[in-house]
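[1] Sequence first, then the predicted structure:
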Amino acid sequence: MSQTKQIYPGEPLPSTDPDKRQKMAKKKLEMEASWDEASKLDRLKLKETQDKLIETMARLNLLQEKNKALEVEKRIADEKRKQADDWAKKLQEQHYDRTRNIKVTDDDFSTIIAKLGKFSGKLSNFSPNSKSFFKKDLPRDQLIHFFINNNQEHKDQILFLFQQDTRVDYALVSVLVEKLITKEIVHHIYRAAIHLDLQVNNAFETIQNLLISTQHEAWISDFRLKIAKATHDLIHRYDHDGKAKAVNDLTRNRVIDTIVSQLSIIYNNENEIRSRIEKLVDMAIDLSLPIRGQEDLVEIIDLKPEDNVYKNQVKPMYRQLEGNKIKLGIFPVFLAKSTLEDENQSENEEEDNNITPSYLPGYTLVYPGKAIY
């Protein structure tokens with residue numbers, strides 16, 4: 001039983017012509033082949049596009065990785081450049097620090113002169129202000145023996161001075177007490193190689209002797225200033241545990257104890273004497289590093305018996321005796337190679353070829369000494 005194909009509205013009626021049906025079938029095949037070819041080309045183009053996209057993405061990823069690597073290199077380079085800049089700055093600072101003039105303290109010769117004047121005045125006033133504590137009942141011979149015992153090298157001069165009066169002259173006692181105090185302070189403080197630390201002073205003197213023995217004396221001044229500056233900084237900036245103060249106090253207290261022990265023989269009220277001596281010693285200590293910390297080293301010259309009297313560099317004490325020769329030095333002369341001009345030079349002083357005489361040739365006055373002459 002044959003089935004009749006249903007024809008839908010709009011659908012062309014099947015051809016009953018065999019040739020036509022063949023043509024249509026052929027055309028259909030051709031169209032299908034063309035469609036297949038077109039689909040194949042589209043797939044090829046799509047694959048080609050996808051391959052190019054993959055290749056582009058790969059290149060992009062590679063570029064991104066290279067960019068990241070460059071950023072890392074740039075960051076490393078920036079860090080190295082900053083480190084180099086910091087190092088260069090540090091080297092520049094070190095070079096400046098090593099080549100600039102080393103300033104141990106803010107003091108110069110003008111402030112040193114002023115402070116020495118204040119110290120000298122306090123020192124001269126010690127005995128007059130302590131007269132009420134003087135042991136008035138002390139035998140004259142014992143008093144003379146006391147001063148000779150502390151100044152054996154000046155025994156003859158001390159005996160001569162006491163022979164000028166049969167009584168105890170407190171003015172003479174005051175001058176000799178000033179000499180006694182001065183001797184201890186100058187020896188242990190002002191003439192210290194650097195400051196109060198004996199180990200530092202000994203180490204400096206060892207190196208100084210090495211430089212002298214190897215004919216490198218020109219290096220000593222710079223070395224002294226550096227050690228003095230380091231000592232000053234240790235005391236005022238880095239002594240967090242107080243060890244430096246403890247070391248310095250050993251010297252300070254030893255000087256005070258020595259002076260007080262000596263003066264207790266001729267003065268009562270040891271506690272009050274100690275308090276006054278402590279103030280004098282502390283004033284001297286405050287001047288120690290400024291004096292040792294000048295580029296031009298301050299030289300401290302003792303005035304010896306029979307030295308000429310250069311009135312611009314020495315002040316008279318007690319009674320004026322012969323006048324032109326030192327009888328007994330009391331306080332040393334402070335001299336340096338370059339200081340302020342001495343405005344108080346005597347018009348009557350002896351001059352040699354218009355050169356002001358000095359207790360150290362080629363040096364000028366920082367602060368005058370004191371002597372009996």
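    Okay, I see it.

[2] from here on, contacts and neighbour counts on C-alpha atoms
    Fine.

[3] shouldn't residue 226 be in contact with residue 102?
    Yes: using C-alpha atoms under 8 Å, residue 226 makes contact with residue 102 at a distance of 6.9 Å.

[4] quick one: contacts for the residue lying closest to residue 190 once chain neighbours are set aside?
    The shortest distance from residue 190 to any non-neighbouring residue, by C-alpha to C-alpha, 6 or more residues apart in numbering, is to residue 288 (5.6 Å). For residue 288, the contact set (C-alpha atoms under 8 Å, 6 or more residues apart in numbering) comprises 189, 190, 194, 195.

[5] what do you get for residue 192?
    Counting by C-alpha under 8 Å, 6+ apart, residue 192 touches residue 201.

[6] Tell me the secondary structure of it, please.
    Recorded secondary structure, residue 192: coil (DSSP: H, G, I helix; E, B strand; the rest coil).

[7] gap between it and residue 104?
    16 Å (C-alpha to C-alpha, to the nearest Å).

[8] same check, this time on residue 166
    Residue 166 is 51 Å from residue 104, by C-alpha to C-alpha.

[9] Counting neighbours, go ahead and name the busier of these two.
    residue 104 (23 against 8; other C-alpha atoms under 10 Å).

[10] what's the neighbour count on the residue nearest to the more buried one when sequence neighbours are not counted?
    Spatially, and ignoring its direct neighbours in sequence, residue 104 is nearest to residue 229 (4.5 Å; C-alpha to C-alpha, 6+ apart). Neighbour count of residue 229, defined by other C-alpha under 10 Å: 21.

[11] what sits against residue 229?
    Contacts of residue 229 (C-alpha under 8 Å, 6+ apart): 102, 103, 104, 105, 293.

[12] in the helix or strand hosting the residue nearest to residue 190, what counts as buried?
    Taking DSSP states H and E as the criterion, residue 288 maps to helix 270-292. Buried residues in helix 270-292, counted by 16 or more other C-alpha atoms under 10 Å: 273-274, 276-278, 280-281, 283-285, 287-292.

[13] Check stretch 181-189 too.
    181, 182, 183, 184, 185, 186, 188, 189.

[14] quick one: contacts of it?
    195, 196, 251, 255, 259, 281, 284, 285, 288, 330, 331.

[15] can you do 7 Å?
    195, 196, 255, 259, 281, 285, 288, 331 (C-alpha atoms under 7 Å, 6 or more residues apart in numbering).

[16] Make JSON lines out of those residues and add pLDDT and distance to residue 373.
    Below are these laid out as JSON lines (pLDDT from 0 to 100; distance: C-alpha to C-alpha, whole Å):
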{"residue": "195", "pLDDT": "96", "distance to residue 373": "33"}
{"residue": "196", "pLDDT": "96", "distance to residue 373": "33"}
{"residue": "255", "pLDDT": "98", "distance to residue 373": "29"}
{"residue": "259", "pLDDT": "98", "distance to residue 373": "26"}
{"residue": "281", "pLDDT": "98", "distance to residue 373": "27"}
{"residue": "285", "pLDDT": "97", "distance to residue 373": "29"}
{"residue": "288", "pLDDT": "95", "distance to residue 373": "29"}
{"residue": "331", "pLDDT": "98", "distance to residue 373": "13"}
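
[17] Pick the one among those closest to residue 79.
    residue 195 (44.8 Å; C-alpha to C-alpha).
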